[in-house]
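> Build me a model:
(one chain, ligands or ions: 1)
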Amino acid sequence: MNIILDLFGIHIVFFSTILILCLSWLFWPRKNIGTRKILLRTIGLISVFGIILAFRAYWPYSYEKNYLNTPVSKEIMSTPLKALADSIDFNIGVAIASNSEFKELIAKEFNSVVAENDFKPKKLLIDPVHWKFDFSAADRLMEFSKSNGMRMRGHTLIWGKFPGRTYPQLWKKQIAESADKEETMKSIMTQYIHTVMGHFKGQISTWDVVNEPMAGEGLYPSPFTEAMGEYYIDWAFKHAHEIDPDCSLFLNEQIYDYDGPAGKAFLALLKRLKKRNVPIHGIGLQTHHIKGIHDLDGLKRFIRAIGELGLKVEITELDIRLLLMGNEDDPYEAQGVQFGEVVNICLRDQACEGVTFWGLTDKVNWMDHIPPFSWKSPNAPHILDEDMRKKPAYIHIWEALKKAQPNF
Ligand code: G3I
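Here you go, the predicted structure:
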């Protein structure tokens, strides 16, 4: 419910209002002609207003690609991001699909990868009733990363957001019907984490153990919280640590209001986890720019605050919706500047060990397929355009890495 409100909030409010007005008109006593007329006019007015707003909001804009007028320098063309990142021991990564057509380019440009979907419960646990797993796609990616000397981030073990998508529907049913919810959930998590981490033991050095546990100031309600409250997080980390004590264990979250209630609640959660000696080693800040542009000073302070808790940080899912820059003179350039700034912030804080982009090219991007993001365009959230040309984003990231070189 929370996520639906979060994503579709304004639409839900709008359609509910129209629906309530229509129902009122339908059931209002017929003899009360005056009120029925007012209701009908209000419905008409709101509908017209809504249609105009929808046209304005959903009109597919396109912005001038001014960057095509400036040739990319020889140095940038000949020095991949990976070369710059390697020399300062920094992780520069990208999300990838097992059937990606860009593997060669990815191996050239990045020293780290993460599976966009292939390591998620939905992909791995193909038969939750019989605990049957299919690791074939994930293994193909693992092989790709190993043969190219790239780090593979494990994403993700426990994700309690969308039943049937981020965890099996069956688990929801099992917890709802269980007499001892806590024990049932512990046994589910034990089996899942044991099988998946066990399969990749020695190959994956960093796992997102828990993904997106927060819903604003509180925890996202799920079978995990229903069974164990906040302690499901402790349990997942403790168990993951037992299985692979050499692995860096991350909690991955999307935060916007770094200085606001959600940001504060998240830091408070981290403090509690540390106080309870939960073996958590790092925080993944997704940093998707999908609803708004992140406050960079806030991000900088937030990374520092996490670092001061003795935790590592990674920017794990960076992408920036182009249309958020629609009011700028040059939206592509503004998008690029923001990319460069985020990378720069990470490079400048000792706790921050890497940046991963949630995709490579606008040609294939998740926002164009997932509502409500797919309803508005242009999303164009990545660092290469749909023709695989370097966008200003690439250039600004490259420059941030270049400036971080010891000899610069
Ligand atoms: O593979 C099937 C395909 O066979 C089928 O025809 C098609 C029909 O819709 O669906 C395809 O699967 C989709 C998959 O993406 C591959 O495109 C799933 O329905 C869809 O749910 C899935 O969405 C992914 C989403 O996580 C949910 O797992 C997105 O690609 C992926 O980018 C997104 O990534 C998440 C991070 O894991 C966590 N943070 C937020 C981020 C963005 O939402």
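> So which elements touch the strand or helix carrying Glu341?
Here Glu341 sits within helix 331-348, counting by DSSP states H and E. Packing partners of helix 331-348 (3 or more C-beta pairs under 8 Å, 6 or more residues apart in numbering; DSSP states H and E): helix 296-308, strand 312-320, strand 352-357, helix 392-403. In this view, the C-beta of every residue, glycine as well, is placed from N, C-alpha and C.
> quick check, the second one touching the ligand?
Yes. Counting by C-beta under 6 Å from any ligand atom, contacts between strand 312-320 and the ligand involve Glu317.
> All further residue positions should be reported with the first residue as 160.
With 160 as the first residue, the last one maps to strand 471-479.
> Wait, Val355 touches Leu283, no?
Yes. The pair Val355 and Leu283 passes the contact test of C-beta atoms under 8 Å, sitting 6.1 Å apart.
> Relative to Lys535, how far out is Phe461?
As defined by C-beta to C-beta, to the nearest Å, Phe461 lies at a distance of 28 Å from Lys535.
> Same check on Leu519?
22 Å.
> Turn the helices and strands packed on helix 490-507 into TSV, including mean pLDDT and mean neighbour count.
Putting the helices and strands packed on helix 490-507 into TSV (pLDDT from 0 to 100; neighbours: other C-beta atoms under 10 Å) gives the following:
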stretch	mean pLDDT	mean neighbour count
helix 455-467	98	17
strand 471-479	98	25
strand 511-516	98	25
helix 551-562	98	21
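> Make TSV out of these and add distance to Asp544.
What follows is the helices and strands packed on helix 490-507, written out as TSV (distance: least, C-beta to C-beta, whole Å):
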stretch	distance to Asp544
helix 455-467	24
strand 471-479	13
strand 511-516	14
helix 551-562	9
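> Which one, of the ones you listed, ends up nearest to Ser257?
strand 511-516 (16.8 Å; C-beta to C-beta).
> Would you mind listing the outside residues contacting the closest one?
249-254, 271, 273, 312, 441, 462, 466, 471-478, 501-502, 504-505, 541-542 (C-beta atoms under 8 Å, 6 or more residues apart in numbering).
> what about 7 Å?
Residues from elsewhere that reach strand 511-516 (C-beta atoms under 7 Å, 6 or more residues apart in numbering): 249-254, 271, 273, 312, 462, 471-478, 502, 505, 541-542.
> start to end distance for stretch 246-258?
Start and end residues of stretch 246-258 are separated by 30 Å (C-alpha to C-alpha, to the nearest Å).
> Now do the buried residues in it.
249-257 (16 or more other C-beta atoms under 10 Å).
> Which single residue of the chain ends up nearest the ligand?
Trp525 (3.5 Å; C-beta to the nearest ligand atom).
> residues near the residue lying closest to Gly319 once chain neighbours are set aside, how many?
Nearest residue to Gly319 in three dimensions, chain neighbours excluded: Ser381, at 3.0 Å (C-beta to C-beta, 6 or more residues apart in numbering). As a burial measure, Ser381 scores 23 neighbours (other C-beta atoms under 10 Å).
> Tell me the spacing between Ser381 and Leu543.
36 Å.
> what does the stretch 460-567 of the chain put close to the ligand?
476, 525, 528-529.
> May I see the residues you listed organised as TSV, with secondary structure and distance to Asn228 added?
Below are those laid out as TSV (DSSP: H, G, I helix; E, B strand; the rest coil; distance: C-beta to C-beta, whole Å):
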residue	secondary structure	distance to Asn228
Glu476	strand	31
Trp525	helix	29
His528	coil	31
Ile529	coil	33
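> Show me the two of those residues that sit farthest apart.
Across those (C-beta to C-beta), the longest gap, 15.8 Å, separates Glu476 and His528.
> Give me the more crowded residue out of Leu519 and Lys535.
Leu519 (21 against 17).
> helices or strands up against the helix or strand hosting Phe208?
Assessed by DSSP H and E, Phe208 sits inside helix 192-217. Applying 3 or more C-beta pairs under 7 Å, 6 or more residues apart in numbering; DSSP states H and E, one finds that helix 192-217 contacts helix 161-186.
> what domains does the record give for the protein?
Domain assignment for the chain by automatic domain parsing gives 161-217, 227-562.
> Least confident of these, on average?
The weakest mean pLDDT among the domains of the chain belongs to domain 161-217, with a mean of 79.
> anything in it near the ligand?
No. Domain 161-217 lies apart from the ligand when judged by C-beta under 6 Å from any ligand atom; the minimum separation is 10.2 Å.
> sorry, back to before: just the ones of the buried residues of stretch 246-258 in strands?
250-255 (DSSP state E).
> how distant is stretch 505-513 from the center of its chain?
19 Å (C-alpha atoms, centre = their mean, to the nearest Å).
> nope, stretch 462-471 is what I was after
20 Å.
> C-alpha coordinates for that stretch, CSV please?
In CSV, the C-alpha atoms belonging to stretch 462-471 read as follows (Å, rounded to 0.1, in the frame of the first residue of the first chain):
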residue,chain,number,x,y,z
ILE,A,462,27.7,9.8,3.7
ARG,A,463,29.8,11.4,6.4
ALA,A,464,27.3,10.5,9.1
ILE,A,465,27.3,6.9,8.0
GLY,A,466,31.1,6.9,7.8
GLU,A,467,31.2,8.1,11.3
LEU,A,468,29.3,5.1,12.4
GLY,A,469,32.2,3.0,11.2
LEU,A,470,30.3,1.8,8.1
LYS,A,471,31.4,1.8,4.5
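> contacting residues around it?
407, 426, 429-430, 433, 439-442, 472, 504, 508-512.
> ok, now stretch 300-309?
255, 257, 262, 266, 269-272, 274, 277, 310-311, 359, 362.
> one more time with 10 Å
Among residues not part of stretch 300-309, those counted as contacts by C-beta atoms under 10 Å, 6 or more residues apart in numbering are 241, 245, 250, 252-253, 255-259, 262-263, 265-267, 269-275, 277-278, 294, 310-313, 358-359, 362-363.
> show me where the stretch 210-359 of the chain has helices.
233-237, 240-246, 262-268, 280-283, 295-306, 328-336, 340-359 (DSSP state H, counting those that start in this stretch).
> Many thanks, I have nothing further to ask.
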